[in-house]
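coords please:
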Amino acid sequence: MNSQIVMKIYRLHTTQNLPISINEAWNFLSDPVNLKTITPDYMGFEILSGAEKKMFPGQIIQYIVTPILGIPTKWVTEITHVKKGKYFVDEQRFGPYSLWHHKHFLKPIKNGVEMEDIIDYKIPFGLFGQMIHPILVKPKLNEIFKYREIKLVELFGEYKYN
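A predicted model of the protein is given here:
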């Protein structure tokens with residue numbers, strides 16, 4: 001009998017409303033340099049190359065991040081899809097995940113913009129990776145996105161629907 005380990009793909013889905021226009025949100029989010037601003041300092045985030053231009057399909061961006069135990073990790077992403085003012089997609093080409101597919105959506109709402117992130121990802125190391133996901137990976141990703149949410153409110157203000 002053949003036994004196979006089922007490939008587990010996880011999803012992180014967040015939304016955040018900000019009191020800014022689509023253009024303001026797009027100008028900030030489509031500039032790869034701003035990623036450092038909304039990433040926790042302890043991550044040691046540094047862009048190595050590819051951020052010289054605003055986002056475009058086919059753009060390759062190389063980073064160094066230090067997500068766990070102070071171990072620097074190279075991360076290479078490709079911007080695969082861009083629809084100005086509406087969405088973009090980044091996919092990991094090299095890095096800590098077996099799969100990383102991150103969709104960023106923007107839509108106008110009353111008095112602001114809704115940002116939606118949908119990340120589909122897979123952890124390496126098979127069953128061991130699945131075991132460490134709820135202990136290490138998922139809490140770390142939630143922490144990083146919570147930091148981003150707080151930082152964006154600091155930068156742009158809190159959304160209040162009136």
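
For the longest helix along the chain, buried residues please.
Counting residues, the longest helix found in the chain (DSSP state H) is helix 138-156. Residues Leu141, Ile144, Phe145, Tyr147, Arg148, Glu149, Leu152, Phe156 are the ones in helix 138-156 that count as buried (16 or more other CB atoms under 10 Å). Yep, even glycine has a C-beta here, placed from its N, CA and C like the rest.

so Gly112 touches Tyr159, yeah?
Yes: with contact defined as CB atoms under 8 Å, Gly112 counts as touching Tyr159 (5.1 Å).

what residues are shared contacts of those two?
Residues touching both Gly112 and Tyr159 by CB atoms under 8 Å, 6 or more residues apart in numbering: Asn17, Leu18, Pro19.

Which of those ranks first by neighbour count?
Within the shared contacts of Gly112 and Tyr159, most neighbours by other CB atoms under 10 Å means Leu18, with 23 neighbours.

surely it meets Leu152?
Yes: counting by CB under 8 Å, Leu152 is a contact partner of Leu18 at 6.1 Å.

Quickly list what's touching both of those two.
Common neighbours of Leu18 and Leu152, using CB under 8 Å, 6+ apart, are Met115.

And for the lowest-mean-pLDDT helix or strand in the chain, what's in contact with it?
Using mean pLDDT, DSSP states H and E, helix 126-132 stands out as the lowest-scoring helix or strand of the chain, at a mean of 90. For helix 126-132, the surrounding residues in contact (CB under 8 Å, 6+ apart) are Ile5, Lys8, Ser98, Ile123, Phe125, Val137.

Which of these has the largest number of neighbours?
Ile123 leads the contacts of helix 126-132 on contacts (other CB under 10 Å) with 21 neighbours.

Now that one. Nearest residue, chain neighbours left out?
Residue nearest to Ile123 in three dimensions, not counting chain neighbours: Gly129, with 3.6 Å by CB to CB, 6 or more residues apart in numbering.

And that neighbour, how far from Ile22?
Distance, Gly129 to Ile22, using CB to CB, to the nearest Å: 38 Å.

now do Phe28
11 Å.

Just list whatever residues bridge to the residue nearest to the spatial centre of the chain.
The geometric centre of the chain, computed from its C-alpha atoms, lies nearest to His102 (CA atoms, centre = their mean), at 6.0 Å. On the basis of DSSP bridges, His102 is bridged to Asp90, Ile119.
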